[in-house]
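**Q** Have a look; sequence and predicted model below, questions after that.
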Amino acid sequence: MFQTLATLAGATAGLTLTSVSMLINVLGKRAAPGQRELPLEKLSATNRRQIGEVFLFAIPGLGLLLVASLVTVVLEGDARTGLWIPEAVVFVLAFASVLALLRVAWALRRVLAIATA
């Protein structure tokens, strides 16, 4: 289970980092001279920063989950019983990461709504 969590955390962190790159391109895009303003251009600098922070907040939690999951796998080894402290840390980080990813999904949904308005 902890190996699976480590894999999911690493993959999701990479996907989130890629999303940040794409988001920077989308939020930085300007309309050609003479054309009407793009919907995302109307966002203030504060709103753009808030959107970026949503994505950047999720990445450290996913990285910590990756490391904590791998550490738990190494510490437990082939033992018949688990170590409750590292397992508890992993479960707390997993819960926090899920909440952060739900927030990222919400932010993406809002950005798409603004972009298609």
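**A** Received it, and whenever you're ready, just let me know what you need.

**Q** any low-confidence regions in the chain?
**A** Within the chain, the stretches with pLDDT under 70 are 31, 38.

**Q** Run through the helices of it in chain order.
**A** 2-28, 45-76, 84-115 (DSSP state H).

**Q** ranking those helices by burial, who's on top?
**A** Most buried of the helices of the chain, by mean neighbour count (mean count of other CB atoms under 10 Å): helix 45-76, with a mean of 17. For glycine as for every other residue, the C-beta is placed from the backbone atoms N, C-alpha and C.

**Q** From the contact counts, what lies against that one?
**A** Applying 3 or more CB pairs under 8 Å, 6 or more residues apart in numbering; DSSP states H and E, one finds that helix 45-76 contacts helix 2-28, helix 84-115.

**Q** TSV for the helices of the chain, including distance to residue 35?
**A** Formatted as TSV, these follow (distance: least, CB to CB, whole Å):
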stretch	distance to residue 35
helix 2-28	16
helix 45-76	20
helix 84-115	15
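
**Q** looking at those helices, which is closest to residue 39?
**A** helix 84-115 (5.4 Å; CB to CB).

**Q** helices or strands up against that closest one?
**A** So helix 84-115, by 3+ CB pairs under 8 Å, 6+ apart, packs with helix 2-28, helix 45-76.

**Q** any idea of the angle that helix forms with helix 2-28?
**A** Going by axes from the mean of the first three to the mean of the last three CA atoms, to 10 degrees, helix 84-115 is angled at 30 degrees with respect to helix 2-28.

**Q** could you list every residue that touches the spatially most central residue of the chain?
**A** Nearest to the mean C-alpha position of the chain, counting by CA atoms, centre = their mean, stands residue 58 at 3.6 Å. Listed by CB atoms under 8 Å, 6 or more residues apart in numbering, the contact partners of residue 58 are 13, 16, 97, 100-101, 103-104.
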